[in-house]
Structure formats: C-alpha cells, structure tokens
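>>> Sequence unavailable; structure follows:
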C-alpha cells in the first residue's frame with residue numbers, strides 16, 4: 001500500500017440540503033489530497049442535488065450519482081461503491097464531518113499496523129454543531145463477536161482496503177452498516193481502533209439510530225436473516241446490544 005493511494009469516499013445523500021455542504025467541505029479541506037468523493041443522491045425532494053452539483057462543478061474529484069427513485073442508504077452506498085476506483089474506501093454520511101487530518105492519520109494508522117481495516121473515535125454533536133455527549137472512544141480492536149454485542153464502528157471513521165471488501169455489499173435487510181462489518185469480519189479477524197478523535201458525528205432528532213425501540217426489529221433481522229444465527233443466540237446478542245446501546249447514549 002502506497003502513501004499516495006487513492007481513497008474512494010462513499011457518501012449517500014437524501015434531503016440534506018442544510019448539512020451536506022459542510023460534510024463535502026470537510027473532505028475538500030483534507031490534508032491528504034488523493035481522494036475521490038462519490039455522492040449518491042437517493043431521489044431527494046429538496047435542493048440537495050443542486051447543492052452537490054454547485055460544489056462538484058468546482059472540483060473534478062467529486063462525482064455525483066442520482067437515483068431515479070428512493071432506494072435507501074444501503075442501495076446508495078452500494079451504487080457508489082460499484083463506481084469507486086480507489087484502493088482504499090472510506091464512508092462519510094451527508095451530515096457528518098471529518099477533521100482536516102482524518103484521512104492522513106487514518107492512513108498512517110492503517111499502514112503502521114499493516115492491516116486491512118481501521119476506524120477511529122469521534123465526537124458527538126447536535127444539528128447546530130454543539131456537543132451533546134462525551135466523545136466516543138473506541139476499543140483497540142473489535143472482532144465478529146464484539147460487533148454482535150455492540151457496534152463500536154461508525155461509518156464516518158472507517159478506512160478499508162478495497163481488496164477486503166471485494167464483492168461484499170451492504171444488505172438492504174437489517175441494519176446495513178452493522179451487517180456489512182459482520183460480513184467483512186468473517187474474512188478479517190479484527191478491525192483496529194484508533195483512539196484519537198478524528199471526526200464529528202451529528203445526532204439528528206429524526207435519526208433512526210436515536211430510537212433503540214425502532215431498531216429492535218432490523219437488529220433482530222441482522223442476526224436471524226442476515227447472519228443466520230439461531231433464535232437463542234440472536235436473543236442473547238440482542239439483549240447485549242440493547243443494554244450496551246443504552247449505556248453508550250448516556251455517556
């Protein structure tokens with residue numbers, strides 16, 4: 001892996017005209033310049049596409065895809081991933097922000113460990129950019145079993161070697177990012193966590209992830225349908241996930 005390897009950044013977008021410019025500019029301001037940003041708009045009904053294209057017209061590294069109809073974040077991420085050409089892949093949602101050295105430091109971290117997958121700690125803010133919870137500090141590494149119990153990997157902090165992903169894609173059943181990490185951890189023993197805070201995660205009032213009750217059914221599907229665990233094992237991990245998720249959002 002070369003220090004100037006191209007990073008393909010995957011960004012799904014839907015009705016996020018108020019936030020997406022800040023997210024895009026956090027990519028443009030990266031100290032590491034060898035990247036392409038692939039934004040897949042999921043048939044937004046506001047001015048999101050216009051906001052994207054106005055910025056993309058000034059930077060050829062930004063590619064814009066637009067879905068003909070609303071397909072969901074998993075489909076949008078997968079479509080962007082199919083379009084990607086980099087040896088490395090990162091994910092950034094349209095309301096989240098990277099610190100300016102995110103790519104540089106995560107690439108250094110990945111290369112220093114000589115591994116295929118890393119993630120980092122992050123701050124948690126509201127829609128106005130105000131801190132609402134303490135910084136989430138990630139564990140040094142996580143395994144398949146760890147992610148079954150609680151998801152410590154946030155999309156906006158991941159950097160992966162493309163060869164690890166291969167033909168694996170996000171499932172439209174269950175919780176797409178958790179299932180994606182689980183599928184990759186069947187091929188890779190660990191993802192490695194950088195304890196340095198390198199990004200800012202926006203907690204929106206309308207976010208699905210804010211309501212654990214609403215997530216119970218898709219989380220169960222992740223265990224039973226996607227990972228094909230037994231009912232007993234699924235119940236055990238669901239209990240772990242619920243308790244740990246509750247504690248995570250108290251800190």
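Yes, it's here. What you see is a predicted model, and the numbers here were worked out from it, not measured in a lab.

>>> OK, contacts around residue 29?
For residue 29, the contacting residues are residue 100, by CB atoms under 8 Å, 6 or more residues apart in numbering. Placement of C-beta: from N, CA and C, glycine included.

>>> actually residue 168, not the one I typed
Per CB under 8 Å, 6+ apart, neighbours of residue 168: 180, 183, 184, 187.

>>> which element is it on?
In this structure, residue 168 sits in neither a helix nor a strand according to DSSP states H and E.

>>> residues in contact with residue 19?
Counted by CB under 8 Å, 6+ apart, residue 19 has contacts 94, 95, 127, 202.

>>> right, I mislabeled it, should have said residue 66
40, 41, 43, 49.

>>> With distance to residue 117 and pLDDT as added columns, please give these in JSON lines.
Below are the contacts of residue 66 laid out as JSON lines (distance: CB to CB, whole Å; pLDDT from 0 to 100):
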{"residue": "40", "distance to residue 117": "22", "pLDDT": "98"}
{"residue": "41", "distance to residue 117": "27", "pLDDT": "98"}
{"residue": "43", "distance to residue 117": "31", "pLDDT": "97"}
{"residue": "49", "distance to residue 117": "32", "pLDDT": "97"}
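
>>> would TSV of the residues you listed with distance to residue 30, neighbour count and secondary structure be doable?
Formatted as TSV, the contacts of residue 66 follow (distance: CB to CB, whole Å; neighbours: other CB atoms under 10 Å; DSSP: H, G, I helix; E, B strand; the rest coil):
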residue	distance to residue 30	neighbour count	secondary structure
40	20	25	strand
41	22	23	strand
43	28	15	coil
49	23	18	helix
